[in-house]
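Peer 1: Just to be clear, the model below is a prediction. Sequence and coordinates:
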Amino acid sequence: MRPKTCRKNLVPTCPRRDSAAYEPSRNGKERTNELRPEALSQLMPFLQTVAQTTQAALLLDYDGTLAPFRAKRDQAYPYPGVAPLLQEIIRNGRTQVVVISGRDATEIPPLLNIHPCPEVWGIHGLQRLKTDGSMEMPRLDERTLNGLSDAERWLGYQQLRHTAEFKAGSIAVHWRGLSESDAEDLRARVLLGWRSIAESSGLDLLEFDGGVEIRASEANKGDAVRTYLSEISPHTPVAYLGDDTTDESAFRAMHGRGLCVLVRPRWRRTEAQLWVKPPDELLDFLGLWLKTCVEHDTFDSGAAAAVNG
Ligand SMILES: [Mg+2]
């Protein structure tokens, strides 16, 4: 089926009452678009594909992407304005929003605080918390479980348990909030202690921004993205937003399939095509996404009215 022709200008002026929902204000002033022209010129062709379909997908990492890093991880709430925009995008109904995080999946809904909460893939895709509240997680084999027990025991011997986050299928040591030298010392110790455990038990040892993780080899954001993509129409426009090296496998899994966006204050080498700086450019990205969906709704209604009239 041929896609519907839509208006050339995808970001026209909207009625004022609609704009309030997706143009968060600061200090009572409406935000202006702060996306750099080169980012905007990469984004707009993709948004045209979103405008031409009835269903799109927005895959989102959480920490560092939707929310700033916090030493107190249970207080890492989204950047101001992000949750209301996601709420409106979900409410609009044209976008399936999915969070793919390294956290335990159950930690995301209370931090995001949007309803209904989107589907969440936790522990880099090992868990899948569906919108009906059910959780899917593969059974881990004995070798994996033994390796994780060894890694936990090693932390105990080293008196480093307080630095660790224990998840199903994974243990992460965090050093955010430590001085640079303390962080480097902790990193070197943990890598030295865990490397042989990972090698002997088939676990993956993965560094991320602010820590290192030993985890079941099944846990990989790229696998999560591949599984998700296999379940949706190949014509569904998909964007993946992430900040960390752990998101690179997801960017690679998206290759040729949609738009990959690096969300980071500073650019680094990446597989992503587009780079946006949080929070302002992220808010603009989400605002334009919502605007595209709202405009498309308005366009559809107008077209239906014209046909019926
Ligand atoms: Mg992240």
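Peer 2: Arrived safely. Please read all numbers here as calculations on a predicted model, not as lab measurements.
Peer 1: going forward, measure contacts and count neighbours with C-alpha atoms only.
Peer 2: Noted.
Peer 1: how about stretch 264-275: buried residues?
Peer 2: Buried residues in stretch 264-275, counted by 16 or more other Cα atoms under 10 Å: 264, 270-272, 274-275.
Peer 1: Pick out whichever of those sits closest to the ion.
Peer 2: Nearest to the ion among these: R264, at 9.4 Å, using Cα to the ion.
Peer 1: can you pull out the helices in the protein?
Peer 2: 16-22, 37-51, 82-92, 108-112, 142-157, 180-201, 221-231, 248-253, 280-308 (DSSP state H).
Peer 1: Dump those helices to a markdown table, plus distance to the ion.
Peer 2: Converted to a markdown table, the helices of the chain look like this (distance: least, Cα to the ion, whole Å):
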| stretch | distance to the ion |
| --- | --- |
| helix 16-22 | 24 |
| helix 37-51 | 20 |
| helix 82-92 | 15 |
| helix 108-112 | 13 |
| helix 142-157 | 23 |
| helix 180-201 | 18 |
| helix 221-231 | 11 |
| helix 248-253 | 11 |
| helix 280-308 | 14 |
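Peer 1: Single out the most deeply packed of those.
Peer 2: Stretch with highest mean neighbour count among the helices of the chain: helix 248-253 (a mean of 21; mean count of other Cα atoms under 10 Å).
Peer 1: For that one, name the packing helices and strands.
Peer 2: When contacts are defined as 3 or more Cα pairs under 8 Å, 6 or more residues apart in numbering; DSSP states H and E, helix 248-253 sits against helix 221-231.
Peer 1: Mind exporting the C-alpha coordinates of the helix it packs on to CSV?
Peer 2: Extracted as CSV, the C-alpha positions of helix 221-231 are listed here (Å, rounded to 0.1, in the frame of the first residue of the first chain):
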residue,chain,number,x,y,z
LYS,A,221,20.7,-4.6,24.2
GLY,A,222,21.5,-5.6,20.6
ASP,A,223,19.7,-8.9,21.1
ALA,A,224,16.8,-7.0,22.8
VAL,A,225,16.5,-4.7,19.8
ARG,A,226,16.7,-7.6,17.3
THR,A,227,14.0,-9.5,19.1
TYR,A,228,11.8,-6.4,19.3
LEU,A,229,12.3,-5.6,15.6
SER,A,230,11.4,-9.2,14.6
GLU,A,231,8.0,-8.7,16.3
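Peer 1: Show me the shaky parts of the protein.
Peer 2: 1-32, 297-309 (pLDDT under 70).
Peer 1: what's the domain layout of it?
Peer 2: What automatic domain parsing lists as the domains of the chain is 4-12+36-138+219-308, 142-215.
Peer 1: picking that back up, and of the helices of the chain, who's closest to R70?
Peer 2: Distance to R70, taken as Cα to Cα, is lowest for helix 108-112 among the helices of the chain, at 12.4 Å.
Peer 1: got the contact list for the closest residue to P138 other than its chain neighbours?
Peer 2: Among residues not flanking P138 along the chain, L126 sits closest, at 7.2 Å (Cα to Cα, 6 or more residues apart in numbering). Listed by Cα atoms under 8 Å, 6 or more residues apart in numbering, the contact partners of L126 are 137-138, 169, 218-220, 224.
Peer 1: on that earlier part again, which one of the helices of the chain lies closest to L66?
Peer 2: L66 lies closest to helix 82-92 among the helices of the chain, at 6.9 Å (Cα to Cα).
Peer 1: just the CA coordinates of that closest one, formatted as PDB?
Peer 2: Written as PDB, here are the backbone C-alpha positions of helix 82-92 (Å, rounded to 0.1, in the frame of the first residue of the first chain):
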ATOM      1  CA  VAL A  82      10.700  14.500  29.500                       C
ATOM      2  CA  ALA A  83       8.100  12.500  31.300                       C
ATOM      3  CA  PRO A  84       5.200  14.800  30.300                       C
ATOM      4  CA  LEU A  85       6.300  14.500  26.600                       C
ATOM      5  CA  LEU A  86       6.600  10.700  26.800                       C
ATOM      6  CA  GLN A  87       3.200  10.700  28.500                       C
ATOM      7  CA  GLU A  88       1.700  12.600  25.600                       C
ATOM      8  CA  ILE A  89       3.400  10.500  23.000                       C
ATOM      9  CA  ILE A  90       2.000   7.400  24.500                       C
ATOM     10  CA  ARG A  91      -1.500   8.900  24.900                       C
ATOM     11  CA  ASN A  92      -1.500  10.000  21.300                       C
END
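Peer 1: Return the list of helices and strands in contact with it.
Peer 2: Looks like helix 82-92 contacts helix 16-22, strand 95-100, helix 280-308 (3+ Cα pairs under 8 Å, 6+ apart).
Peer 1: Give me the sheet partners of the shortest one and which way each runs.
Peer 2: Just to be clear, that refers to strand 95-100. Sheet pairing of strand 95-100 (DSSP bridges) gives strand 56-60 (parallel), strand 119-122 (parallel).
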